[in-house]
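Participant: just need the structure, nothing else, for what follows:
(chains A, B, C and D)
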Protein chains: 4
Amino acid sequence: MQPSLSSQSSVMDWIGETISKMYSEIVSWRRDFHQYPEPGWCEYRTSAKIANLLESWGWKIFLGEEVTAREARMGVPSIEVLERCEERARLEGVSEVCIEKMKGGQTGVIAEWKTKREGPVFVFRFDIDSNELKENTSTDHIPVQIGFSSKHEDCMHACGHDGHTAMGLAVAKWISCNQNLISLKGTIRLIFQPAEEGCRGARAIVEKGWLDDADYFLSGHIGFRSFDLEEIVLNTTGFLATTKWDATFTGQAAHAGGEPEQGKNALLAASTAALNLHAISRHSQGASRVNVGKLIAGSGRNVIPSNAYMQIETRGETDEINQYASREVKRILEASAMMYGVNVRIEKVGEAGQAAGSLEFRELLADILKDVTGVTKLVPQTNLGASEDVTFMLKEVEKKGGKGLYILLGSPLRAMHHQSKFDFDENVLHKGAEAYIRTLIKVLGSRD
Amino acid sequence: MQPSLSSQSSVMDWIGETISKMYSEIVSWRRDFHQYPEPGWCEYRTSAKIANLLESWGWKIFLGEEVTAREARMGVPSIEVLERCEERARLEGVSEVCIEKMKGGQTGVIAEWKTKREGPVFVFRFDIDSNELKENTSTDHIPVQIGFSSKHEDCMHACGHDGHTAMGLAVAKWISCNQNLISLKGTIRLIFQPAEEGCRGARAIVEKGWLDDADYFLSGHIGFRSFDLEEIVLNTTGFLATTKWDATFTGQAAHAGGEPEQGKNALLAASTAALNLHAISRHSQGASRVNVGKLIAGSGRNVIPSNAYMQIETRGETDEINQYASREVKRILEASAMMYGVNVRIEKVGEAGQAAGSLEFRELLADILKDVTGVTKLVPQTNLGASEDVTFMLKEVEKKGGKGLYILLGSPLRAMHHQSKFDFDENVLHKGAEAYIRTLIKVLGSRD
Amino acid sequence: MQPSLSSQSSVMDWIGETISKMYSEIVSWRRDFHQYPEPGWCEYRTSAKIANLLESWGWKIFLGEEVTAREARMGVPSIEVLERCEERARLEGVSEVCIEKMKGGQTGVIAEWKTKREGPVFVFRFDIDSNELKENTSTDHIPVQIGFSSKHEDCMHACGHDGHTAMGLAVAKWISCNQNLISLKGTIRLIFQPAEEGCRGARAIVEKGWLDDADYFLSGHIGFRSFDLEEIVLNTTGFLATTKWDATFTGQAAHAGGEPEQGKNALLAASTAALNLHAISRHSQGASRVNVGKLIAGSGRNVIPSNAYMQIETRGETDEINQYASREVKRILEASAMMYGVNVRIEKVGEAGQAAGSLEFRELLADILKDVTGVTKLVPQTNLGASEDVTFMLKEVEKKGGKGLYILLGSPLRAMHHQSKFDFDENVLHKGAEAYIRTLIKVLGSRD
Amino acid sequence: MQPSLSSQSSVMDWIGETISKMYSEIVSWRRDFHQYPEPGWCEYRTSAKIANLLESWGWKIFLGEEVTAREARMGVPSIEVLERCEERARLEGVSEVCIEKMKGGQTGVIAEWKTKREGPVFVFRFDIDSNELKENTSTDHIPVQIGFSSKHEDCMHACGHDGHTAMGLAVAKWISCNQNLISLKGTIRLIFQPAEEGCRGARAIVEKGWLDDADYFLSGHIGFRSFDLEEIVLNTTGFLATTKWDATFTGQAAHAGGEPEQGKNALLAASTAALNLHAISRHSQGASRVNVGKLIAGSGRNVIPSNAYMQIETRGETDEINQYASREVKRILEASAMMYGVNVRIEKVGEAGQAAGSLEFRELLADILKDVTGVTKLVPQTNLGASEDVTFMLKEVEKKGGKGLYILLGSPLRAMHHQSKFDFDENVLHKGAEAYIRTLIKVLGSRD
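Facilitator: Residues are numbered from 1 along each chain as shown, chains lettered A, B, ... in the order given. Down below sits the predicted model:
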């Protein structure tokens, strides 16, 4: 028998307990996602599963072109890769209708729950994509032990997005199950964002307008540094603005012995680009970074190389510094192509900016989250020193007058993010779900 | 009924006719090899087929460690690649015994036929490996039309070695069939050389001693430039000395945003190497070449690259010029590694030198080959302007006092060597086999 | 009639007035130094003039080898340059005895005044060298207008050291003139340091032991940014640690047309060094800088260049970061030499570190300097963002338990430091002298 | 009493003797020029002396704008340099009128002698400029011993042009003195060409039309390799086509510590240019060369360098190869500027092509020169393997149907051309003058 609730505070007392009862289901979702990791813009199975569950719980679902602005998506894989992933999703049981909607990499899900009362719009964002990484296979890796390690070759959830997605489902199901017991006002929107890795997906959602009316925005990340299970960081600062670039040089092949002067050497264009990119001047106004992370060039030892492909990223302590570095990158790539008489195609495949959370919202959160089960320490803010495209959303929300925060959900980690032995303590899932739901009830609760 | 031969000259008259009768078999061998191309040190099926046929024709066969000096082989693929090829050969019917002998890439076959009379040693060399190239699939490509195009992914006989091998078999079978009709003296040795592409295989055969006692040495190549079916080039000059290098840089990965200074950047080491290698000074004593044909580096956009792999080649109009360039290459690679505090492993994976044919033997050949069916023009010599490791054999033969030649067997070509539409006129097979046999009979014939 | 002083405070009242009376003499000193600028280690005339004046005022003088540790001097010009400067000094009236003492660039002066009472050692440091820069000749440049612009070609006091030196003389003369009126305890030491530009001179003085027993250390700089005449900055932070390097590559010349391969190309070694030096990784722990400021290579268009000379500097927000960059520089220079088979001589020609002032001394100073005539604003500290080898002295003093500070004496500037129109308001000289003397009297005064 | 000449052959017999009598005068001219060497476009005193002498001997003289097409001159020094040289020439006695004519570097002299009989135009070319090189001062250098070494700092006749000029005067005076004894037809034209070093001057003379009507053209060079006094080379082949380039990069200075990102780094642009220029691909059709012979960049260690200056040359075995390399050079320089956002000014400062001599004229010469006193060996042709802008003239003559040759006048050398100890045996002057005069008499002689 459920308690009869006469006030919001009694709902609050009761949240921890109801979530506890969902715990094994949350874990099973997470482990399912972990077994079927899908990298950015390939989250066909992941999106379909999210959509099916949410629909069954009564949420209004948006898919495909409704979710992301097609042209604003960055770093979309080639048609061949997408089609291979679509085929795999079919074999894993995703319906043709569903795949048709997401065709060509329009993955991700938006879900909405409109209450009958007027009130604020509260938006959550959960990122759902995996890394492109081969999961560790040694038996001291818990997913191997328990048997839920990745079944997709060279893909792995090594950044905790499987957990983020599971927490999103937990929030959705809890609302659905407890709608009669709590009376909320306003609108709840859940963004299940594709392609966070490489900072490729958020912009396309923002441009579709999903953040335009957000009064509150909350997202978060599992793990990060040495924060423990009892800890939550209320606000993340020190996002490094970043841009991700792909450069493809195309020259002309020729026999290196017979007529080398007929070649247009794409490998040398790329090599000179790599060196000169790293020579971009330091900036006096703050930290900057440049990296050429990958370079693949040439076809054979005795052929003047006609092709070269590079992956580049810039970062800056401020948007301005990153923009400075980005301008340099473009000019240097074009000059390098000119140097060897080859062509270069430069593509922006990812981007994120600086952003700051709402200090007002942080104060509210400090008051709410102190009651989360097991939480003993709230860290006011921490410096990320990395890049996240949630910044597109935080900035949009702030611009439109809303309040946003990006929190960190402490958990012990077996290995750092993006490593093949990455794993978190699944108890963080309970903590996160509870934190999200408590905040939602507090903000949209209509009883007080 | 066969003619009763009373003199060598009547044998000679009769060679063309007997080979004509073998023509469809020679073509069928060539087409079989064309369907199952195997690149250097992976010629398991090819070697097994050669060995089986020759053995059945009464030749003494040498395989595996008897053929090549293990340590003198250059550019041997990784164990993984070799094992994949061994497995494929098994599936294609090669016996376990045979594979065991060639295990680890000791491919190639030597065959000997000792007559009962004392006399000179006459050595032929046929190269048997394929290129690593995807064969063209358009229907105007004859192997596609007729249905004998490559069944091995990304491998193709695009240099005519399938034809060379078929001619070698033709010589072997003809000897076997006609042994009673001709009386020869001395010894016939057939070298079916692996790994000519990249100049990787000849040295290991020379070091095993197979050329030590050669009085005569003959090898040749189908096609080359615009020579026609009626033409044979008696002597090839202008071999470019060459060395092939693989360089593997190993540094230290680090997060490009978080702690870039902890990285040791192998990609930049390779890039600076590429540029500075191409800046090796021209040589006043003749043509030189340097090419970095392939560069693969890095693991991900946001990681300081810890690995880089490069394929390099040098060439020189003389051995001295090539050695000059090679010394430069080694120093530059080491300096580039030092530049970024990384390690570099430099491996010589191929080599060939200059060589000159015997002018005396050329005169003899001029006299013999004018009688080859259909041949109307003998070109005294032509300048190759490319590299071939047959030069190791030519030099060894000359050093020991023997006489060697490398001939070119003219044929119309559909596309140049090493291109995906390469194809020759199969009539060259008849011409080549006849040329080889006529020379052999003339030199080892005991009747006159 | 001079006042009879019965207390230190009445001395203090009287300082401003006595210095005012010296003002035109201070200005004339400054203008004299301005007309005869001498760059680092060439301050023969400057040192001689300082020494002569101080000796005439009763100070004990140290010159030549007594001042600097010969081997610890950095960036000493060539013997030819030094001899030219010695000759010039002779022509300008410096005595042979004096030149003999400083021969080979052992310039600079130390002066001591021992009171008869026991007490602390108070050390002042004034830097005396000029820049290597052609002074602006336009008539709106005040030194041109008034007629005291540089008479030494390509040399100019463009950093205010002429003013620093004049203030040092003011302190010295004031002490001498007023010794009877004030009763001081302890020891006063004046360091007139050569070769501050390029951070070349301080270390050699420290190593000679002149800071070993310093209880108080005070130095300062005229100008800097937008501080005004009424302002004094009490403490300078944010010194960038720095190292200055000269690299000289020596290869082998050869005719570029006739036998280019005989050359060892020093120009290309230097070019590849320049690029790779600028590609030194950013450091995650703070700002870093690398600059190749000058490169001179080659002798003629048609000769493979056998010589190259480069000027390099590194900087770091911390000593550690600068040391990291310096290690990189050395390895890269050596690798670049190896790349082209040339030799490289690497010379450290300047160095400065981080340092922090004494907060305790700063508090004392705040109390004293508020009384300096015309001063209305004391800035507790400011971030220099540049390098100064006074840090060697500050660190040594701190290490030995003394208290040091480096102050900034605000002045309007006509152009920034190191520019050809640099000029300061000469009223800063009065302010600085008064600040120094007030501090000295306060610290060494024995009456209270 | 002079002989009465009744036939050309008797004139011939008599040439050697008459020239012998001029020998000490020829030597004194050579030594005078050697003492006052003037580099390209600065030959004010040299030209004036030539003009004055020739005029006094009755030749018609052309100076200044009559000699060279102003805009076709390449590599003209700056106005400052020219004016310094003009001033020096004034001090050395050159008349103001003469300097006025040559002002701005329009040096060189053309002299004509029209006979009264119709006949061919015979053109001689003597190059008159010096090298920019400090002459050796050791006492085993003959010009030092005898006392005629260079009085012009950093200039030296180290290529024998002093001798060429002296031979030109010898030809002129001989004609003048012996005009009554010989009866010639046609026209004699003497070109005293400025700025051969760096291949800068010939084109401007050709464009002025001085070769348009040449039926015969003869020029030559002293020394070269190991040819001896008894030898003359009748025809020079293997000229390397060449182009000389100056590149000046202009960026933006900035303080390397304070705001490095504000700089536009010209030094790095030049460094990357140097590396990539040397990486220009070898050409399969023949030898090529690229050299960056000089690089001067930057102003001070702590300033982002805003300026860089480079001297470059390309060479090719054929005009086409040199043009290929030149196109590459221009693109690479522009790309390098773009790489660092700086400007580049590219100036062609010298040029020479391939050329071939007339074989018909060579046969004639073989017949004539065998009679030159002391000559025992005529070498039909030799391969220069270097560049000379006489090729502009040879090509023009051939184009217009005339016959040209460039001969080599063997002489022992103390050191190779362009070295500070270069010196030739002055007996070559006699040989050369005799060779020129004999040819002239033979070709323009009207008696037979």
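
Participant: confirm residue A:225 sits in a helix?
Facilitator: No. Counting by DSSP: H, G, I helix; E, B strand; the rest coil, residue A:225 is not found in a helix; it is coil.

Participant: list the contacts for it?
Facilitator: For residue A:225, the contact set (CB atoms under 8 Å, 6 or more residues apart in numbering or on different chains) comprises residue A:382. Placement of C-beta: from N, CA and C, glycine included.

Participant: list phi and psi for it.
Facilitator: Recorded main-chain torsions at residue A:225 are phi 50, psi -140, according to degrees, to the nearest 10.

Participant: please tell me I have it right and residue A:288 contacts residue A:314.
Facilitator: Yes. Applying CB atoms under 8 Å, one finds residue A:288 in contact with residue A:314, separated by 7.3 Å.

Participant: compare these two and say which is more crowded by neighbours.
Facilitator: Between residue A:288 and residue A:314, counting by other CB atoms under 10 Å in any protein chain shown, residue A:314 is the more crowded of the two (27 against 24).

Participant: what's near enough to touch the more buried one?
Facilitator: Contact partners of residue A:314, counting by CB under 8 Å, 6+ apart, are A:242-243, A:245, A:288-290, A:322, A:325-326, A:329.

Participant: swap in 10 Å and give it another go.
Facilitator: Going by CB atoms under 10 Å, 6 or more residues apart in numbering or on different chains, residue A:314 touches A:240-245, A:277, A:280, A:288-291, A:321-329, A:351, B:256.

Participant: inside helices: which ones of those residues?
Facilitator: A:277, A:321-329 (DSSP state H).

Participant: picking that back up, what do residue A:288 and residue A:314 both touch?
Facilitator: Shared contacts of residue A:288 and residue A:314, defined by CB under 10 Å, 6+ apart, comprise A:240-241, A:280, A:321-322, A:324-325, A:328.

Participant: want to throw the residues you listed into a markdown table with pLDDT, distance to chain B and neighbour count?
Facilitator: Formatted as a markdown table, those follow (pLDDT from 0 to 100; distance: CB to the nearest CB, whole Å; neighbours: other CB atoms under 10 Å in any protein chain shown):
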| residue | pLDDT | distance to chain B | neighbour count |
| --- | --- | --- | --- |
| A:240 | 94 | 6 | 28 |
| A:241 | 96 | 11 | 25 |
| A:280 | 97 | 13 | 24 |
| A:321 | 97 | 13 | 24 |
| A:322 | 97 | 11 | 27 |
| A:324 | 98 | 17 | 19 |
| A:325 | 98 | 12 | 25 |
| A:328 | 98 | 16 | 22 |
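
Participant: reformat those residues as a markdown table; add distance to residue A:366.
Facilitator: Conversion of the shared contacts of residue A:288 and residue A:314 to a markdown table gives the following (distance: CB to CB, whole Å):
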| residue | distance to residue A:366 |
| --- | --- |
| A:240 | 26 |
| A:241 | 27 |
| A:280 | 41 |
| A:321 | 31 |
| A:322 | 31 |
| A:324 | 36 |
| A:325 | 36 |
| A:328 | 41 |
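
Participant: just the residues you listed now: which is nearest chain C?
Facilitator: Nearest to chain C among the shared contacts of residue A:288 and residue A:314, counting by CB to the nearest CB, is residue A:280 at 8.5 Å.

Participant: isn't the closest one up against residue D:261?
Facilitator: Yes. Counting by CB atoms under 10 Å, residue A:280 sits close enough to residue D:261 to count as a contact (8.7 Å).

Participant: show me the contacts for residue A:154.
Facilitator: Taking CB under 10 Å, 6+ apart, we find residue A:154 in contact with A:37, A:39, A:131-135.

Participant: are any of the residues you listed buried, and which?
Facilitator: Buried members of the contacts of residue A:154, counted by 16 or more other CB atoms under 10 Å in any protein chain shown: A:37, A:39, A:131-133, A:135.

Participant: just send the residues you listed back as CSV, with pLDDT too.
Facilitator: Converted to CSV, those look like this (pLDDT from 0 to 100):
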residue, pLDDT
A:37, 98
A:39, 97
A:131, 94
A:132, 92
A:133, 87
A:135, 95
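
Participant: out of the residues you listed, what pair is the most spread apart?
Facilitator: The span of the buried ones among the contacts of residue A:154, defined through CB to CB, is set by A:39 and A:135 at 13.0 Å.

Participant: what's the overlap in contacts for the two?
Facilitator: Applying CB under 10 Å, 6+ apart, one finds that residue A:39 and residue A:135 are jointly contacted by A:152, A:154-156.

Participant: looking at the residues you listed, which is nearest chain D?
Facilitator: residue A:154 (35.9 Å).

Participant: now do the SS call for that closest one.
Facilitator: Applying three-state DSSP: residue A:154 is coil.

Participant: need the three-state assignment for whatever residue of the stretch 301-448 of chain A ends up closest to chain C.
Facilitator: Minimum separation of the stretch 301-448 of chain A from chain C (CB to the nearest CB) falls at residue A:385, amounting to 8.0 Å. Assigned by three-state DSSP, the conformation of residue A:385 is coil.

Participant: if I read this right, it contacts residue B:255, doesn't it?
Facilitator: Yes. Counting by CB under 10 Å, residue A:385 does reach residue B:255; the two are 9.5 Å apart.
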